[in-house]
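A.B. asks: Predicted model follows, preceded by the sequence.
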Amino acid sequence: MTAPATFTLRGDKTATTPLLVSAPHTGTDLPLGLAERLRNDAIRALPDTDWNLHRLYDFVPALGGALLCARYSRYVVDLNRPSDGHALYPGRAETGLVPTQTFAGEPIYREGEDPGADEIASRVAQYWTPYHRALREQLAERVARFGVALLFEAHSIVSDVPRLARGRLPGFMLGDVDGTSCEPHRADAVFAVLAANDPGASRNVPFKGGFITRCFGRPQHGVHALQLEMSQRLYMREGPPFWWDEARAAPLREVLRAALGAFTATWRPRS
């Protein structure tokens, strides 16, 4: 029996630039039997999903880049966490590799249904590892072909998450791991576009980049990684049923197109 695909990859065969956009939290699929183990219908609605990013960023192949999107929910396994489960922000509340609490601190599983060590290891092997293998392969291919790889981690979050951050979040939150995951002039070019459209845009606060940005962002080896966290109010109605709002999404897509264009423009084809 063929294992189900755990991600989608668009534009890799037609790429003309080193851009790779990764959306590890946009998935909503659940393995057979998992929904019944979740605590209630509110949890089964998957509230911590980065909703509709596969739709919001569907223009990426037309820019000459590739778009990698997870199919399965972060409640199965969080692709933006280290596989050994260590904390990204020590001392601060955060959800784990296989989350057992929501962003709001609510239990995800029914009593006695939390996954054990063997199940966690199985999920890492079945879902986490293939995504990260695809990232490594795609980035290596870009470095070999273009001389650099430009990795853009696409994320979104509800505007108010008291457990994770104080106050209402900015619209745009760009992370370059305090200037270590991407050469500054490349990050500056992207941030200039974001800040021109949102004067409250922030950099490395409150999110500096998750595991993928930290792991793969190696400018000294030609891989430049940025993470953009966005408040979901910019393109949808926050909260169930998580409706897409085209009136908000359309102008946002143009900002994202410009930001990614600025990122790509920091690369020049080999003569």
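C.D. replies: Looks like it arrived, so ask away.
A.B. asks: For P219, which residues are in contact?
C.D. replies: T180, S181, C182, E183 (CB atoms under 8 Å, 6 or more residues apart in numbering). Glycine gets a C-beta too; all of them are placed from N, C-alpha and C.
A.B. asks: Please list only the buried members of those residues.
C.D. replies: S181, C182 (16 or more other CB atoms under 10 Å).
A.B. asks: mind putting the contacts of P219 in JSON lines, secondary structure and pLDDT included?
C.D. replies: Formatted as JSON lines, the contacts of P219 follow (DSSP: H, G, I helix; E, B strand; the rest coil; pLDDT from 0 to 100):
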{"residue": "T180", "secondary structure": "coil", "pLDDT": "98"}
{"residue": "S181", "secondary structure": "coil", "pLDDT": "98"}
{"residue": "C182", "secondary structure": "coil", "pLDDT": "98"}
{"residue": "E183", "secondary structure": "coil", "pLDDT": "98"}
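A.B. asks: low-scoring stretches of the chain, by residue?
C.D. replies: With pLDDT under 70 as the threshold, the chain has low-confidence stretches at 1-4, 270-271.
A.B. asks: how about the helix of greatest length in it: buried residues?
C.D. replies: Longest helix in the chain by number of residues (criterion: DSSP state H): helix 246-265. Neighbour-count burial for helix 246-265 flags A249, L252, R253, V255, L256, R257, A258, A259, L260, A262, F263, T264 (criterion: 16+ other CB under 10 Å).
A.B. asks: Spell out which residues sit in contact with the third one, please.
C.D. replies: By CB under 8 Å, 6+ apart, the contact set of R253 is L56, F59.
A.B. asks: separation between it and W244?
C.D. replies: Distance, R253 to W244, using CB to CB, to the nearest Å: 12 Å.
A.B. asks: same deal with the last one?
C.D. replies: Distance, T264 to W244, by CB to CB: 26 Å.
A.B. asks: now the fifth one
C.D. replies: Going from L256 to W244 by CB to CB gives 15 Å.
A.B. asks: do G33 as well
C.D. replies: With the distance defined as CB to CB, G33 ends up 29 Å from W244.
A.B. asks: Please say which of those two ends up with more neighbours.
C.D. replies: Between G33 and W244, counted using other CB atoms under 10 Å, the more crowded position is W244 (13 against 7).
A.B. asks: so that one makes contact with S156?
C.D. replies: No - counting by CB atoms under 8 Å, W244 does not reach S156; the two are 11.9 Å apart.
A.B. asks: what is in contact with these two at once?
C.D. replies: W51, Y235.
A.B. asks: neighbours of the closest residue to A5 other than its chain neighbours, just the number please.
C.D. replies: With sequence-adjacent residues excluded and distances taken as CB to CB, 6 or more residues apart in numbering, A5 is closest to R71, at 6.5 Å. Neighbouring residues of R71 were enumerated by other CB under 10 Å; the total is 17.
A.B. asks: What's the separation between R71 and A154?
C.D. replies: Counting by CB to CB, the gap from R71 to A154 is 15 Å.
A.B. asks: and if you look at V255?
C.D. replies: Applying CB to CB, the value for V255 to A154 is 13 Å.
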